[in-house]
Structures are given as C-alpha cells and as structure tokens.
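Visitor: Compute the structure for the input listed below.
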Amino acid sequence: QAVKQLFESWRPKVIFWDMWMTLGMSHCREPIGLAQEIFVPGLTRNLIHGLPDPTGDFLRYCLTNPTADPRAFCEEAGVQFGFDVTDAGVDAFSRILRTEQNCIALFPDVEETLEFCKRGSYEQGIISNLWAFPAERLFSDTVLRRYFSRNEIVCSFEVRHAKPEREIFEEACRRFGVRPEDCLMIGDNLTADIKGALDFGMK
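Guide: I've put the predicted structure just below:
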C-alpha cells in the first residue's frame, strides 16, 4: 500500500535495485574476508558471525577490479598489497569462489515484486557493489535474467567505482538516459545505497 501511494504521487522513470540483501544473498558469508585471510592471516573476526572482516582497502580493491581470472586476480592483489601468491593460495581462493557461486539465493518475493514493476511499465536496473566472480551465475542463471538485460545491471567491478561513490550512480543514469531526480533507488545499506543515492540526487 505504501509503494502504491508513493507511485500515485510521483512516478520514477527508472527504479534501481541494490543486489545483496535487497534482491538476494549468498549463503557464503564474507567471501572477500575469507579470501583476504588466505594471504593475510589474522584478520579481525566479526563479533556477530565470527568470520574475518576484510580491510576497507582490500574490499574496495575487490569490488572495483574487473579481472575475472582467479590466478591473475590474486597476482594483481599480491603486487598491490605486498603478499606472496602460492599455488595453494590460488586453489583456496578458487574454492571460495566456487562456493559463493553455488550459494546464491534470491528472496522469495523478488519475482513477484519485479513482475509488479514490469506490469506497471517501470524501467528497472540494478546498481550493485559486486566483484567479478559471481556476476555471470547471478545474472544469467537466475530469474533476474528475465527482468534485466546485462546493460541494465551496473556493477562496481565494471565501473571501477563502488557505492556510495557518485560515479557508479552517474553511470547508471547515463545508461538509461535519465536525470538523477527521475530515479528511485531501493537498497538496504544506509551509507552505500541510501546516502549515496541521495547525495547524487536520486530519491
């Protein structure tokens, strides 16, 4: 009812969705933290789920690096962060990637919600902080492929900027040919999704 009332008073030209924890999730928790710990042991553990939290610089590096080959990605990270890359480390990294790719789950009401917006003739896109590895599985092997073309999905690893940086929102508007004030951004993260979009001029 609240969504219906909003759309009666203002009609966005494009509805942009966040991906993780908005449309779906991966049951492989903190894959980037687990990946960093392979090469940098002793990371701080999250008090809630007990898994390693990636450092901010490593997280941003992963989310803005378009390299999709695991070994090349590890070697580039080794140069960037000064750690040695071994065959065993690359194998462990690849196992994390396979686990993440096999643990993607969309929330139960996603298809119904996207279908509602499609029936209302709303253009829809995704703006996601995402590293390169689960992208093909996520957008080709799930129901999302029925609602979004690949060009309508704006990923941080392709743009080389992550939310809340304005460049990723700017690229989304460029692809759809719209102004920020004509867009509705829906997400779960107060800083990345909400503040980032508002600062750029989206609703």
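Visitor: contacting residues around stretch 17-26?
Guide: For stretch 17-26, contacts defined as C-beta atoms under 8 Å, 6 or more residues apart in numbering pick out 100, 103-107, 110, 124-130, 134, 138, 142, 144, 163, 185-189, 192-193. Just so you know, the C-beta spots here come from the backbone N, C-alpha and C atoms, and that holds for glycine as well.
Visitor: can you map out the helices along the protein?
Guide: 2-9, 31-39, 56-63, 70-81, 87-101, 110-119, 135-140, 156-159, 166-176, 196-200 (DSSP state H).
Visitor: could you dump these to CSV with mean pLDDT, distance to L47 and mean neighbour count?
Guide: Output for the helices of the chain, formatted as CSV (pLDDT from 0 to 100; distance: least, C-beta to C-beta, whole Å; neighbours: other C-beta atoms under 10 Å):
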stretch, mean pLDDT, distance to L47, mean neighbour count
helix 2-9, 77, 33, 10
helix 31-39, 96, 13, 21
helix 56-63, 97, 17, 17
helix 70-81, 97, 25, 16
helix 87-101, 96, 22, 16
helix 110-119, 96, 30, 14
helix 135-140, 91, 28, 17
helix 156-159, 98, 26, 21
helix 166-176, 98, 29, 18
helix 196-200, 98, 26, 19
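Visitor: which ones among the contacts of stretch 17-26 are found in strands?
Guide: I104, A105, L106, Q124, G125, I126, I127, S128, M185, I186 (DSSP state E).
Visitor: measure V3 to R11 for me?
Guide: 12 Å (C-beta to C-beta, to the nearest Å).
Visitor: same check, this time on C28
Guide: Distance from C28 to R11, by C-beta to C-beta: 38 Å.
Visitor: L34 now?
Guide: In terms of C-beta to C-beta, L34 sits 43 Å off from R11.
Visitor: quick revisit: list only buried entries from the contacts of stretch 17-26.
Guide: Neighbour counting over the contacts of stretch 17-26 (16 or more other C-beta atoms under 10 Å) leaves 100, 104, 106, 110, 124-130, 134, 138, 142, 144, 163, 185-187, 189, 192-193 as the buried ones.
Visitor: returning to what we had before: any chance of TSV for the helices of the chain, columns distance to N46?
Guide: Shown next, in TSV, are these (distance: least, C-beta to C-beta, whole Å):
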stretch	distance to N46
helix 2-9	33
helix 31-39	8
helix 56-63	13
helix 70-81	21
helix 87-101	16
helix 110-119	26
helix 135-140	23
helix 156-159	21
helix 166-176	25
helix 196-200	23
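Visitor: and of those helices, who's closest to I15?
Guide: Shortest separation from I15 across the helices of the chain is recorded for helix 110-119, at 5.8 Å, computed as C-beta to C-beta.
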